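Trainee: Using only what follows, build the 3D model:
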Amino acid sequence: MRNKIIMNVLVLILSVAMIAAATMAWFTHNDEAGNAIFTAGTVSIKAGRKVVADEGEPGSSDTVDGTFYPVRVVEYSPGPRIDGKPVKEPRNNPENALGAPESGQDENNFCSLGFGGTIILEFDHGLYAPTLAVVVEDTWGGKYPLEEAHVWVSDTGLDDDWDYVGKADNKNLVQNQTYSGFTFEFVDIRYIKYVKITDCSNKDDFVGYDPKTVDGFDLNAVYINGHTQEEDNWNPGDENERVYTITNTGTKAIRLRGKLTGKWYEYDEETKSWKMCYLSPDVVSFKLRDDETEWVKSGDDDCFYYIPSIPGTYGDDVTEEDRTVELIIKVCLDGPDTGNEYQGKRFIVAATFAAIQASNGAQEESGWYVT
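Mentor: All right, here's what the predicted structure looks like:
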């Protein structure tokens, strides 16, 4: 067996639980007394994967540096054309925006967002240390009004978890396409898995143009330069490690638990994407390190429980380091039960973390494992 960091795609689903406990307060009966105001504490966490190579430093034989393109459409919510009608075919096909940029004048090369429309695209891997993102737009002809779109990136794709990187437009025309580049000096994000683009073109600039093709930002492609890490040769009997970091971002001290699940995927040549297959996930198990002392796995709910409480932000002397913990998991692929049908398949791990207030017996009352 070998002990190595798994570097494949990660899906994080954050789950926050809060148990209300009675707050006891004493008020004095005095006409001179002012208003008594109570601010409830908060319970919230932020979790993410920590990329560590065999030697403990970024970079390993599993690191792939390069240019990456989205592989699937998460959402396409087109706005209308200038005349109020829907975007016409084939300009309304969101899959036109996947893959590498295409040149020439072909309506199958891009997806029109419509005025105010949005598209969300997903990369096959989390992209670490991104250096440049480029959004490619189609404009056929040099004297055409300004088409613009806001651009966001995210590691989770959740509604409230997007980082704004700038505005793409059609100013720098290269033949039939324009390229808008963005860097990430001021974006605090662990890795990029999703990109969201929303049209913000001004309708008034397009009066007098053919309404059939006046349909907002025409997205040809998106690509990002960075690196991804994945275990490409996972064999039966291997034990690989994943490292997760969890930070208490709420005011209250919390108890923490996490659960890992996974599904097998196979590559679909027709759609050029990975799709879930129905191979048994039971050949994969999740274990703690033998020398682990602060986490314990419960046999009742298959969750990993952090034994100490984690302090919240309340208090001047509490640092982020005090509020952050790591969970190191061994992901084990069974030897005898993993047959040839698993060859070439991909196992994607999903990590779910939940927090509960540490006070007033909330852990016990909610049925959490208690050491």
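Trainee: pLDDT below threshold where in the stretch 251-371 of the chain?
Mentor: 271-273 (pLDDT under 70).
Trainee: can you pull out the helices in it?
Mentor: Assigned by DSSP state H, counting those that start in this stretch, the stretch 251-371 of the chain shows helices spanning 362-365.
Trainee: Now do Ala351 against Gly335, distance only.
Mentor: Plainly put, Ala351 is 24 Å away from Gly335 if you go by CB to CB, to the nearest Å. (Each C-beta comes from the backbone N, C-alpha and C, glycine too.)
Trainee: Who has more neighbours out of the two?
Mentor: Ala351 (24 against 12; other CB atoms under 10 Å).
Trainee: Does the more buried one touch Ile246 like I think?
Mentor: No: Ala351 lies out of contact with Ile246 (CB atoms under 8 Å); the separation is 9.5 Å.
Trainee: Let's see the distance spanning stretch 288-299 from one end to the other.
Mentor: End-to-end span of stretch 288-299 (CA to CA, to the nearest Å): 13 Å.
Trainee: cool, stretch 244-263 as well?
Mentor: By CA to CA, the extent of stretch 244-263 from end to end equals 19 Å.
Trainee: Repeat that for stretch 351-365.
Mentor: By CA to CA, the extent of stretch 351-365 from end to end equals 24 Å.
Trainee: For that stretch, list every residue counted as buried.
Mentor: Ala351, Thr352, Phe353, Ala354, Ala355, Ile356, Gln357, Ala358, Ala362, Gln363 (16 or more other CB atoms under 10 Å).
Trainee: and if you look at stretch 81-96?
Mentor: Arg81, Ile82, Val87, Arg91, Asn92, Asn93, Pro94, Glu95, Asn96.
Trainee: average pLDDT for it?
Mentor: Summarised as a single mean, pLDDT over stretch 81-96 is 95.
Trainee: okay, how far is it across that stretch, tip to tip?
Mentor: 18 Å.
Trainee: Need the contact partners of that stretch.
Mentor: Applying CB atoms under 8 Å, 6 or more residues apart in numbering, the set of residues contacting stretch 81-96 from outside is 73, 76, 78, 80, 107-115, 117, 119, 203, 206-207, 209, 211-215, 218-220.
Trainee: mind running it again at 7 Å?
Mentor: Residues outside stretch 81-96 that contact it (CB atoms under 7 Å, 6 or more residues apart in numbering) are 73, 76, 78, 80, 107-112, 114-115, 119, 203, 206, 211-212, 214-215.
Trainee: before we move on, what about stretch 212-219?
Mentor: Residues outside stretch 212-219 that contact it (CB under 7 Å, 6+ apart): 79, 81-82, 87-88, 91, 97, 110-115, 117, 119, 137-138, 147-149, 197, 199, 201, 206.
Trainee: Now with 6 Å, please.
Mentor: 81-82, 87, 97, 110-115, 137-138, 147, 149, 199, 201, 206 (CB atoms under 6 Å, 6 or more residues apart in numbering).
Trainee: And for stretch 158-170?
Mentor: 135, 137, 139, 147-154, 178, 180, 182, 187, 189.
Trainee: rerun that using 7 Å as the cut-off
Mentor: Outside stretch 158-170, the residues that reach it (CB under 7 Å, 6+ apart) are 133, 135, 137, 139, 144, 146-154, 178, 180, 182, 184, 187, 189, 196.
Trainee: swap in stretch 172-182?
Mentor: Contacts for stretch 172-182 (CB under 7 Å, 6+ apart): 101, 103-105, 132-140, 142, 151, 165-166, 168-171, 220.
Trainee: so where's the stretch 101-250 of the chain uncertain?
Mentor: For the stretch 101-250 of the chain, the ranges with pLDDT under 70 are 142, 229-233.
Trainee: so where do the strands sit in it?
Mentor: Assigned by DSSP state E, counting those that start in this stretch, the stretch 101-250 of the chain shows strands spanning 111-112, 118-138, 148-154, 163-169, 173-174, 177-182, 191-199, 218-229, 239-248.
Trainee: got it, and the stretch 251-371 of the chain?
Mentor: 254-268, 273-276, 284-288, 295-297, 304-310, 324-333, 346-357.
Trainee: So which elements touch the longest one?
Mentor: Going back to what we said before, that points to strand 254-268. With contacts taken as 3 or more CB pairs under 7 Å, 6 or more residues apart in numbering; DSSP states H and E, strand 254-268 sits against strand 239-248, strand 273-276, strand 304-310, strand 324-333, strand 346-357.
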